[in-house]
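K.L.:
A predicted structure for the sequence below; I have some questions about it.
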Amino acid sequence: MKKQLFIKTFGCQMNEYDTQKIVDVIDSNESVSLVDSPETADLIILNTCSIREKAEVKVYSDLGRYRKLKENNPNIRIAVGGCVASQEGENIIKKAPYVDLVFGPQTLHRLPTLLKRREAEGTPQIDINFPEIEKFDHLPVSKFRGPSATVSIMEGCSKYCSFCVVPYTRGEEISRPLNDILKEIIELTQLGVKEIILLGQNVNAYRGLISNESICDFSMLLEYVAEIEEIQRIRFTTSHPNEMTEDLIACFKKIDKLSKQFHLPIQSGSDRVLSSMKRNYTVLEYKSIIRKLKKACPDISITSDFIIGFPNETKDEFEQTKKLMKEINFDYSFSFLYSPRPGTPAAFIEDNISKKEKERRLKEFQKINVTQGKVHTLKMIGTTQRILIDQPSKRKEGVYLGKTDNNRVVEIQGGPELLNKFVTIKITNITEKNLEGVEIK
């Protein structure tokens, strides 16, 4: 009988990738069926993220609801994984003793063993170690989930930005060997995958071993992946400005398969705030990178991350961030209110900005973001785009959905023969949420 698995994922694409691997790991050990509700599950897993405000509170809130399920059925197993698991460790068991397993992002491959120990010993199991890239050597072959797939090329982060908890929850930067990555991608192409998204906390910091013991940097990795015939589009996220080499910038000019969209977090338009964040670059240096990118690829779409209301951010410094947003003319980007993460240096900075003022600034900033994003969308009408059709519309019969290079969803009339294929289209209209297009044959 199949085990009924409910898994809830918080946070970034790295967590989405880990969730897929968690399902594969458990399914390779004992057959499982994913369910949409914890009420019908035998195994409940929370794959957590510690980036956002009150991450731990949200996790414990969910656990509180699952407690009642376990009281009614003691055979249910509850597991907490991800970054909050690494951050909280044994505290999770102390606060929620009905939890059976606590595991970190780099020990997810040990889940079947932890489950067996839980049954044999009758006590909660905790494994939040950092065994470098051991997990990738123990993950089963991926299963087909569509024409686009993510591949994690490295783990952790060594930048130690003052606001970020990732180095403490995922460890320092460790890159996978080149051959291991290429092997995984080739296996995915044999399942029908046509688009690869390379993942890492700082993906462009990749430095992986080649078989001859030399080092492959990220630009070289992109060239290797581009040589795989079945791969027709390459994306990657997330990058750090300090790792933007000339060779990587040149890739946007010479690799046709590379998506003409680039996400490069800046976080603030103020040099003083960037210094307090320990970002180790200036606004001028960041703008220089963008100029070079646009010269290499004039059609490139640039997006970014912004933290609004960092401790003691002045009104003038906020204005500098707004100015930068407009000057670079970012496409739809991400902006968040600063929230202190436990144990990070920034959490100890005395903050003199009220929450109300931070929320006002965020609202003002996001208005600029939406306005600029809409302008970029309008400019796409009449243009020719290449989209990867990956699913039928759930709302409109005879309509299929695909994504452009800059992550816009496009609706196109057609039949199931379009699924899992790249098609060239002309953008004709904008709906409430998506674009509409017609195929160019």
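P.N.:
Yes, it's here. Predicted model only: the values in this text are computed from it and were never measured.
K.L.:
longest helix in the protein, please.
P.N.:
If you go by DSSP state H, the chain has its longest helix at helix 355-378.
K.L.:
neighbouring strands for whichever helix or strand comes after it, and are they parallel or not?
P.N.:
Remark: after helix 355-378, the chain's next helix or strand is strand 384-392, criterion DSSP states H and E. The pairing partners recorded for strand 384-392 under DSSP bridges are strand 399-403 (antiparallel), strand 422-430 (antiparallel).
K.L.:
which residues touch strand 384-392?
P.N.:
Residues outside strand 384-392 that contact it (CB atoms under 8 Å, 6 or more residues apart in numbering) are 146-148, 194-195, 232-233, 399-405, 410, 412, 414, 416, 418-427, 437, 440. Where you see a C-beta, it was placed from the backbone N, CA and C, and this is true even at glycine.
K.L.:
one more time with 6 Å, if that's ok
P.N.:
The contact list for strand 384-392, computed with CB atoms under 6 Å, 6 or more residues apart in numbering, reads 146-147, 195, 400-404, 410, 418-419, 421-422, 424-427.
K.L.:
just to revisit the earlier point, mind giving me the packing neighbours of the longest helix of the chain?
P.N.:
On a contact count with 3 or more CB pairs under 6 Å, 6 or more residues apart in numbering; DSSP states H and E, helix 355-378 meets strand 305-308, strand 334-337.
K.L.:
which parts of this structure are helices?
P.N.:
Using DSSP H, the helices found in the chain span residues 13-29, 55-72, 83-88, 90-95, 111-121, 166-170, 178-189, 218-226, 246-254, 271-276, 283-296, 315-328, 355-378.
K.L.:
tilt between the fifth one and helix 13-29?
P.N.:
It refers to helix 111-121. Interaxial angle, helix 111-121 versus helix 13-29 (axes from the mean of the first three to the mean of the last three CA atoms, to 10 degrees): 60 degrees.
K.L.:
and helix 111-121, what's buried?
P.N.:
Within helix 111-121, the residues scored as buried using 16 or more other CB atoms under 10 Å are Leu111, Leu114, Leu115, Arg117, Arg118.
K.L.:
make TSV out of these and add pLDDT.
P.N.:
TSV is the format used below for these (pLDDT from 0 to 100):
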residue	pLDDT
Leu111	90
Leu114	93
Leu115	92
Arg117	93
Arg118	93
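K.L.:
quick check, nearest of those to Leu209?
P.N.:
Leu111 (27.2 Å; CB to CB).
K.L.:
just give the closest residue to that closest one, not the sequence neighbours.
P.N.:
Nearest residue to Leu111, sequence neighbours excluded (CB to CB, 6 or more residues apart in numbering): Val25, at 5.5 Å.
K.L.:
gap between the one you found and Phe103?
P.N.:
11 Å (CB to CB, to the nearest Å).
K.L.:
same check, this time on Leu274
P.N.:
On the measure of CB to CB, Leu274 and Phe103 end up 35 Å apart.
K.L.:
please apply the same query to Tyr332.
P.N.:
Distance from Tyr332 to Phe103, counting by CB to CB: 34 Å.
K.L.:
these two: which has the busier surroundings?
P.N.:
For Tyr332 and Phe103, the more surrounded residue by other CB atoms under 10 Å is Phe103, and the numbers stand at 25 against 16.
K.L.:
please name the bridge partners of Ser301.
P.N.:
Note on Ser301: beta-bridge partners by DSSP bridges are Gln261.
K.L.:
residue contacts, it?
P.N.:
Shown in contact with Ser301 (CB under 6 Å, 6+ apart): Gln261, Asp331, Asn406.
K.L.:
mind giving me CSV with these and columns for pLDDT, distance to Asn369 and neighbour count?
P.N.:
CSV is the format used below for those (pLDDT from 0 to 100; distance: CB to CB, whole Å; neighbours: other CB atoms under 10 Å):
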residue, pLDDT, distance to Asn369, neighbour count
Gln261, 96, 16, 21
Asp331, 97, 9, 22
Asn406, 93, 15, 20
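K.L.:
which one of the residues you listed sits closest to Ile174?
P.N.:
Gln261 (26.8 Å).
K.L.:
ok, and what's touching stretch 198-209?
P.N.:
Counting by CB under 6 Å, 6+ apart, 13-14, 17, 150-154, 157, 166, 173, 175-178, 215-216, 218, 221, 236, 239-240, 243, 248 sit against stretch 198-209.
K.L.:
quote the end-to-end distance of that stretch.
P.N.:
17 Å (CA to CA, to the nearest Å).
K.L.:
and it, which residues are buried?
P.N.:
Leu198, Leu199, Gly200, Gln201, Asn202, Val203, Asn204, Ala205, Tyr206, Gly208.
K.L.:
widest-spaced pair of these?
P.N.:
Gln201 and Gly208 (14.9 Å).
K.L.:
is it true that Tyr281 touches Pro241?
P.N.:
Yes. Here Tyr281 reaches Pro241: they are 4.8 Å apart, a contact under CB atoms under 6 Å.
K.L.:
show me which of these two is the more surrounded one.
P.N.:
Taking other CB under 10 Å, Tyr281 and Pro241 do not tie; Pro241 has more neighbours (21 against 17).
K.L.:
from Ile328, how far out is the more buried one?
P.N.:
From Pro241 over to Ile328 the distance is 13 Å, taken as CB to CB.
K.L.:
same deal with Tyr17?
P.N.:
From Tyr17 to Ile328 the distance is 29 Å (CB to CB).
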